[in-house]
Structures are given as structure tokens and as C-alpha cells.
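S.K.: Have a look at this fold, sequence not included:
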């Protein structure tokens, strides 16, 4: 499935449903992702790009097909190589 055209808030719902034991370090960023749709959106003092980057850096323990697809889509959305 391609998540690249989805809003970040909708992708966050997929993550929450798939990742059974969320890393506490990623939890705050995931929660923030429920409130943004684009990398340019802001949630409190952080922009969406920063939120997604921090989430990705703290989601190394999330594995599987969905995890790979979602992480790849978030990297494309935020233009991360």
C-alpha cells in the first residue's frame, strides 16, 4: 500500500494500530503526528518535519511490512534520503 499521499494524521492511525508495543521515546512524537497533516504544519513549538524525523529516529524497533512501507512514505513526505 502506498501511504505517500496520505495526511500524516491518518498515517499515525496506521502506526498506532500496527505497532503493538510502542517505544516510549516515540510515543510523544506519534501523538503529535495525530495533529498534523503536512510537514509544514505545526504542533505546539515543533513543525511536522521535525516531529516525523524524531519519530523515525525512535521507531527502529517497529518492524514488519507495514513498518517498512510507512517509514518509507514518511521519508518521502519529509524528503529524507
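M.R.: Everything's here; your move. Predicted model only: the values in this text are computed from it and were never measured. Numbering: from 1, shown residues only.
S.K.: could you say which helix or strand contains the residue positioned nearest the centre of the chain?
M.R.: For the chain, the residue sitting closest to the mean C-alpha position, by C-alpha atoms, centre = their mean, is residue 52 at 5.0 Å. Residue 52 belongs to helix 48-57 when assigned by DSSP states H and E.
S.K.: which residues sit against that helix?
M.R.: 8, 26, 29-30, 32-33, 36-43, 71, 74-75, 77-78, 80 (C-beta atoms under 8 Å, 6 or more residues apart in numbering). (Glycine included, C-beta is placed from N, CA and C.)
S.K.: can you state the direction angle for the next helix or strand after that helix and helix 48-57?
M.R.: Per DSSP H and E, helix 48-57 leads on to helix 65-77 as the next helix or strand towards the C-terminus. Counting by axes from the mean of the first three to the mean of the last three C-alpha atoms, to 10 degrees, helix 65-77 points 150 degrees away from the direction of helix 48-57.
S.K.: Show me what helix 65-77 packs onto, helices and strands only.
M.R.: Contacts defined by 3 or more C-beta pairs under 8 Å, 6 or more residues apart in numbering; DSSP states H and E place helix 65-77 against helix 8-18, helix 48-57.
S.K.: Just the buried residues of that helix, please?
M.R.: 66-67, 69-71, 73-74, 77 (16 or more other C-beta atoms under 10 Å).
S.K.: Distance from it to the middle of the chain?
M.R.: When C-alpha coordinates are averaged (C-alpha atoms, centre = their mean, to the nearest Å), helix 65-77 and its chain have centres 8 Å apart.
S.K.: before we move on, what about stretch 52-65?
M.R.: Centroid displacement of stretch 52-65 relative to its chain, using C-alpha atoms, centre = their mean, is 8 Å.
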